[in-house]
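In: All I have is the shape, not the residue letters:
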């Protein structure tokens, strides 16, 4: 048997730098087949090429070295798949956050003049089928999905009187935890489990429409807030959202339409619009 591939030769065939291979050796991630005792030269076998390539692909996906070691250290395909899937899920979450940030920045840096139209609306009191809970901001999307599924199951046989909506307490954003109410307007709302009849109070609202996915919904909120401030109106209650077209209606985010509303009152001494 030959001496194997030198570290330089192995670097060429695997596209991993000599420096990287040395680091992987020191960490125990990819140990040379043999190390010459007198010279310290490292030698690799051709059988180690696939392992080196797997490591390279995992590192390109930003898999931490400790997880790479776990993946290579198990012969169980199910365990390997679970470890990789877990990292890919975290990577997807990161990509979603990056995409949302890019979308918001693009809209902020290239604003469209007059792209926010605000309507003042008087909303009567309504009785709806809803769920109320105190939720962490980081959990609100998952909580909403579960709560809305529970509501839909409870009201499946009843006549729907409008699109679903949610009320989000200011503390959810200022403190990271607050009261959330999600609901569907339903004829004769039931009391089943967490789903209860809830009376939404009458309100004067400043309303605008956010079109498309929610990646940059914060920008629309900011412009609605600016409009409210510019027109000498104060905010009198929690943020309200109405999902006139949402994921349950159409899987294409470009079609989504969300009404954003703030309960308002005219500030004392303020003039006309």
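Out: Sure, I can see it. Predicted, not measured: the structure shown is a model, and the values here were computed from it. Residues are numbered from 1 along each chain as shown.

In: quick one, helices of the stretch 101-250 of the chain?
Out: 140-154, 171-174, 217-230 (DSSP state H, counting those that start in this stretch).

In: Save the ones you listed as JSON lines, and put in distance to residue 30, mean neighbour count and mean pLDDT too.
Out: Heads up, the C-betas are built off the backbone N, CA and C, glycines and all. JSON lines is the format used below for these (distance: least, Cβ to Cβ, whole Å; neighbours: other Cβ atoms under 10 Å; pLDDT from 0 to 100):
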{"stretch": "helix 140-154", "distance to residue 30": "38", "mean neighbour count": "16", "mean pLDDT": "93"}
{"stretch": "helix 171-174", "distance to residue 30": "47", "mean neighbour count": "14", "mean pLDDT": "84"}
{"stretch": "helix 217-230", "distance to residue 30": "44", "mean neighbour count": "16", "mean pLDDT": "83"}
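
In: Now render these as TSV, adding distance to residue 89.
Out: Shown next, in TSV, are the helices of the stretch 101-250 of the chain (distance: least, Cβ to Cβ, whole Å):
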stretch	distance to residue 89
helix 140-154	13
helix 171-174	25
helix 217-230	23
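
In: Minimum distance to residue 42: which of the ones you listed has it?
Out: helix 140-154 (48.0 Å; Cβ to Cβ).

In: Can you name every helix or strand that that closest one contacts?
Out: strand 126-136, strand 177-184 (3 or more Cβ pairs under 8 Å, 6 or more residues apart in numbering; DSSP states H and E).

In: Just say which of the ones you listed is most tucked in.
Out: For the helices and strands packed on helix 140-154, the largest average neighbour count (mean count of other Cβ atoms under 10 Å) is found in strand 177-184, namely a mean of 21.

In: what's the spacing between residue 88 and residue 95?
Out: Per Cβ to Cβ, to the nearest Å, residue 88 is found 10 Å from residue 95.

In: Kindly apply the preceding question to residue 179 instead.
Out: Distance from residue 179 to residue 95, by Cβ to Cβ: 31 Å.
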